[in-house]
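Visitor: Next comes the sequence, and after it the predicted model I'd like to discuss.
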Protein chains: 2
Amino acid sequence: MALKVALLGCGVVGSEVVRLVREQSAELAARIGAPVEIGGVAVRRLDRARDTGLDPDLFTTDAIGLVNRPDIDLVVEVIGGIEPARSLILSAIKSGKSVVTANKALLAEDGAAIHAAAREAGVDVYYEASVAGAIPLLRPLRDSLAGDRVNRVLGIVNGTTNYILDRMDSIGSGFAESLDEAQSLGYAEADPTADIEGFDAAAKAAILARLAFHTRVTAADVHREGITEVSAADIASAKDMGCVVKLLAICQRSQGGASVGVRVHPVMLPREHPLATVNGAYNAVFVEAESAGRLMFYGAGAGGEPTASAVLGDLVAVARNKLAGTFVAEGAHDTGLPVHPMGVTTTSYHVALDVADRPGVLARVADVFAENDVSIKNVRQEGSGEDAQLVLVSHRAPDAALAETVRRLHALAEVRSVASVMRVEAFTDENTP
Amino acid sequence: MALKVALLGCGVVGSEVVRLVREQSAELAARIGAPVEIGGVAVRRLDRARDTGLDPDLFTTDAIGLVNRPDIDLVVEVIGGIEPARSLILSAIKSGKSVVTANKALLAEDGAAIHAAAREAGVDVYYEASVAGAIPLLRPLRDSLAGDRVNRVLGIVNGTTNYILDRMDSIGSGFAESLDEAQSLGYAEADPTADIEGFDAAAKAAILARLAFHTRVTAADVHREGITEVSAADIASAKDMGCVVKLLAICQRSQGGASVGVRVHPVMLPREHPLATVNGAYNAVFVEAESAGRLMFYGAGAGGEPTASAVLGDLVAVARNKLAGTFVAEGAHDTGLPVHPMGVTTTSYHVALDVADRPGVLARVADVFAENDVSIKNVRQEGSGEDAQLVLVSHRAPDAALAETVRRLHALAEVRSVASVMRVEAFTDENTP
């Protein structure tokens, strides 16, 4: 008996899923232990020509009807967004159907409720494609590191911003120019807000943090800064320090381990760091675990075919579980670790100040750091006279103290302008370059 | 009811497994759905002090007795080598116990028979730790890419040789000197043969090829060349081309897809390739799949704790399967793809020749390439007069034709010496730098 799959959505990813299920049918049947076939495809409008090769009778606009059809065994959701995806997925779960989804927004907002419903119904919800596209990452985090303790996850999880920052670094172009180029190449959408303001990365950070720390994290818990303020001066300053600028999703246990911090912002990263070499629109996620040590997962973060490949990997797993009468009770064991606010997250800052090269300037600047209890890791002066620049890198300190330090520096008479401020990340054990 | 684990071997990895099982017991119980405990530890000699904190009564020299004890549910084998590991694993399987092993030698030699026995008995054999230590790699290859088609796998799977080559590249030291250093730092063993001659990498290549192509590959099928012949001149020549030298395990479908090639040898790899930045004793495996595109998995390839972490990840999976009454029937669907010999594998060669800078030399050299049906991708001459060097990179051609070309070049009167010969790898679609 073939397993019947309901496909919700037939856009870029959905049509690739159909193609792969058809082309790889023998292979899939062998790996699953039973053939799979598309039992129906829910679309918004029937009149759009679907170049899928499927029987047109399989298409319907009645998504909820399709999900509840008794002959449907598994549901693949590639519509995206919160509604109607959430209602459809919850319906599928309630009617005993396992779900494969690529929906990062929904999982970031409502993952806990969806997993709870799945546990109650005894079905799987798999979502490898929701973070870092084709890269097998979520299941390794969940399964292979199950006997380990993850301390930190650093991810380049948005290809658009990585492409833009990479161009700014390699050809020295400005932000606006690089965004234009990314748009004309199709790497950035006409409305690039979700990418460049870090919303997309924040949703993925929430999902990664939940998986890494087994605690409830939603997109709203994620401190988020985009890349629109990253200037050519920041990139140049990073270069001088042997660093590149990357937009990172960072999920980290607090020092005592009693809470977690989850944030998305641009950082300066030493060029020796494995993430520094991730170029173009590629994604990569770097994991620091207690026993496994440093791991990195690298690959295509988006695109119809890579995403569909991740969906198919999940489809094989949930189909196998279905046949075996088992499922993965995700989220059953919540550590309850709270998410702490950005202000108490310990970070390290790089600050470049335009100053007058006069005696006493460094002392005044150092005072401001000291008054905020921030210690300075290194200082370097460049230029001289009226063109002097003071470049400081702090040790780790609470982010609020660093932010206050920068606010005070702005007001200092000796500081003509704050040329660049950016957080610095490295490996946990050697945190500033 | 606790699941009881028999641990075979209690050396560097085994004692870390014990520690992690004890320290993470609550976490493991939550993830598995039942507690796990060490039911017994088989060791060669009881008199060795075991600093594990375990009840000394759990230790035994009767490994086969332990494996067959009816209260044992799962077996973890970290003895290594072919015997007695094979007999113990087959006994465990026959008595219905799932097995977690880190044994690359055994899986490379006899993986097919072990998987067949496991399928017949309805138990799991998991072996994530056997290749690339802590890196979650084998299960993603098996599970997450189950709906995809892998075309090529390139792996840095031996940390010792990667460390040596990295030192040769970064500080310009020779092979012998770098090997000495690796030995004094504990990265290389007193008898380094298994590493530097590529035997260790070849076993891992066989395992990777079997997983990637679903066909039977043993270590004996793997073409193997070590790094003992890599000279400072090779490294320098690679640098001139913007390349690094790496010892790679390469598993590749033939052009038509009707056979596979599996080989281990030093290669020149462009510095832009993600594998080129894998330094020190780290491991990484780069996968090219039809739909997923390019993926890379990076992390610690060896060491007690990383390896134990991989063992624990497997332990959670097989324990969960055991409780669910299911198992993964690995190897059930053999594609039967044959392994083709090295001579028909298409590769690309880099050749540096010391020649006299005289008219006609290039023509004579080019003739030799043409006579063997090898086309030249690019040629560069360095120096002049009696010190001229001709550097050629070929297009892809059968390895036998390239080897014959080099053999003929040695004999050419115009060639004073062949300074460097090495294969070149890049991405499949742009195969020479």
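Guide: Everything's here; your move.
Visitor: For burial, what's the neighbour tally of the closest residue to residue A:211 other than its chain neighbours?
Guide: Closest residue in space to residue A:211, ignoring its immediate chain neighbours: residue A:141 at 4.8 Å, by C-beta to C-beta, 6 or more residues apart in numbering or on different chains. Placement of C-beta: from N, CA and C, glycine included. Residue A:141: 25 surrounding residues under other C-beta atoms under 10 Å in any protein chain shown.
Visitor: Report the contact partners of residue A:141.
Guide: Residue A:141 sits next to A:150, A:153, A:208, A:211, A:212, A:287 when contact means C-beta atoms under 8 Å, 6 or more residues apart in numbering or on different chains.
Visitor: Model confidence score at the third one, please.
Guide: By that I understand residue A:208. Note on residue A:208: pLDDT of 96.
Visitor: Just to be sure, it is in a helix?
Guide: Yes: checked against DSSP: H, G, I helix; E, B strand; the rest coil, residue A:208 lies within a helix.
Visitor: give me the number of residues near it?
Guide: Residues near residue A:208, counting by other C-beta under 10 Å, number 29.
Visitor: Quick check, it in contact with residue A:156.
Guide: No: contact between residue A:208 and residue A:156 fails when scored by C-beta atoms under 8 Å: they sit 11.8 Å apart.
Visitor: can you list residues touching both of these two?
Guide: With C-beta under 8 Å, 6+ apart, residue A:208 and residue A:156 have common neighbours A:249, A:285.
Visitor: how much space between the residue of the stretch 51-200 of chain A at minimum distance from chain B and residue B:30?
Guide: When distances are taken as C-beta to the nearest C-beta, the stretch 51-200 of chain A reaches nearest to chain B at residue A:147, 2.5 Å away. For residue A:147, the distance to residue B:30 equals 12 Å [C-beta to C-beta, to the nearest Å].
Visitor: Of those two, which one has the most company?
Guide: Under the neighbour definition other C-beta under 10 Å, residue A:147 and residue B:30 were set side by side, and residue A:147 has more, 28 against 17.
Visitor: List the residues that contact the more buried one.
Guide: Applying C-beta under 8 Å, 6+ apart, the residues contacting residue A:147 are A:291, B:20, B:24, B:27, B:28, B:31, B:309, B:311, B:312, B:313, B:315, B:316.
Visitor: who wins for neighbours among the residues you listed?
Guide: Going by other C-beta under 10 Å, residue B:309 tops the contacts of residue A:147 with 32 neighbours.
Visitor: near chain B, which residues of the stretch 51-200 of chain A?
Guide: Taking C-beta under 8 Å from any C-beta of the partner chain, the part of the stretch 51-200 of chain A that reaches chain B is made up of A:128, A:134-136, A:139-140, A:143-149.
Visitor: Setting aside sequence-adjacent positions, which residue approaches residue A:228 most closely?
Guide: In space, residue A:228 is closest to residue A:196, 5.6 Å off (C-beta to C-beta, 6+ apart).
Visitor: ok, the one you found - contacts?
Guide: By C-beta under 8 Å, 6+ apart, the neighbours of residue A:196 are A:160, A:161, A:164, A:179, A:188, A:226, A:227, A:228.
Visitor: Quick one: those as CSV, columns for secondary structure too.
Guide: Putting the contacts of residue A:196 into CSV (three-state DSSP) gives the following:
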residue, secondary structure
A:160, helix
A:161, helix
A:164, helix
A:179, helix
A:188, coil
A:226, coil
A:227, coil
A:228, coil
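Visitor: all helices of chain A, in order?
Guide: A:12-23, A:25-32, A:63-68, A:85-94, A:104-121, A:138-139, A:159-171, A:175-184, A:193-196, A:199-213, A:232-240, A:304-324, A:361-371, A:399-411 (DSSP state H).
Visitor: ranking those helices by burial, who's on top?
Guide: helix A:199-213 (a mean of 27; mean count of other C-beta atoms under 10 Å in any protein chain shown).
Visitor: Only alpha carbons, please: show it as CSV.
Guide: Only the C-alpha atoms of helix A:199-213 are listed here, as CSV (Å, rounded to 0.1, in the frame of the first residue of the first chain):
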residue,chain,number,x,y,z
PHE,A,199,13.6,39.1,11.0
ASP,A,200,14.3,36.0,8.9
ALA,A,201,17.5,35.2,10.9
ALA,A,202,15.7,35.9,14.2
ALA,A,203,13.0,33.3,13.4
LYS,A,204,15.8,30.7,12.7
ALA,A,205,17.7,31.7,15.8
ALA,A,206,14.6,31.0,17.9
ILE,A,207,14.3,27.5,16.3
LEU,A,208,18.0,26.8,16.8
ALA,A,209,17.9,27.9,20.4
ARG,A,210,14.9,25.8,21.2
LEU,A,211,16.6,22.7,19.8
ALA,A,212,20.0,23.4,21.3
PHE,A,213,18.8,24.2,24.8
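Visitor: quick check: angle from that helix to helix A:159-171?
Guide: 110 degrees (axes from the mean of the first three to the mean of the last three C-alpha atoms, to 10 degrees).
Visitor: tell me what helix A:199-213 is packed against?
Guide: With contacts taken as 3 or more C-beta pairs under 8 Å, 6 or more residues apart in numbering or on different chains; DSSP states H and E, helix A:199-213 sits against helix A:104-121, strand A:150-156, strand A:223-224, strand A:243-253, strand A:260-270.
Visitor: ok, 6 Å please
Guide: If you count contacts as 3 or more C-beta pairs under 6 Å, 6 or more residues apart in numbering or on different chains; DSSP states H and E, helix A:199-213 packs onto helix A:104-121, strand A:150-156, strand A:243-253, strand A:260-270.
Visitor: Could you dump the ones you listed into a markdown table and include mean pLDDT and distance to residue B:411?
Guide: Formatted as a markdown table, those follow (pLDDT from 0 to 100; distance: least, C-beta to C-beta, whole Å):
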| stretch | mean pLDDT | distance to residue B:411 |
| --- | --- | --- |
| helix A:104-121 | 95 | 62 |
| strand A:150-156 | 95 | 52 |
| strand A:243-253 | 96 | 49 |
| strand A:260-270 | 97 | 50 |
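Visitor: any idea of the pLDDT on residue A:29?
Guide: 89.
Visitor: Chain B versus the residue lying closest to it once chain neighbours are set aside, what's the distance?
Guide: The shortest distance from residue A:29 to any non-neighbouring residue, by C-beta to C-beta, 6+ apart, is to residue A:35 (4.2 Å). According to C-beta to the nearest C-beta, to the nearest Å, residue A:35 stands 13 Å off from chain B.
Visitor: Residue A:35 contacts residue A:2, correct?
Guide: Yes: counting by C-beta atoms under 6 Å, residue A:35 does reach residue A:2; the two are 4.3 Å apart.
Visitor: beta partners of residue A:155?
Guide: Residue A:155 forms beta bridges with residue A:249, residue A:285, as assigned by DSSP bridges.
Visitor: What is the neighbour count of it?
Guide: When counting by other C-beta under 10 Å, one arrives at 30 neighbours for residue A:155.
Visitor: which residues does the nearest residue in space to residue A:268 that is not next to it in sequence contact?
Guide: Excluding the flanking residues, the one nearest residue A:268 by C-beta to C-beta, 6+ apart is residue A:243, at 4.0 Å. Contact analysis of residue A:243 by C-beta atoms under 6 Å, 6 or more residues apart in numbering or on different chains lists A:268, A:269, A:270.
Visitor: still on that earlier bit, let me know the pLDDT of the residue of the stretch 51-200 of chain A closest to chain B.
Guide: The score at residue A:147 is 70. That number is its pLDDT.
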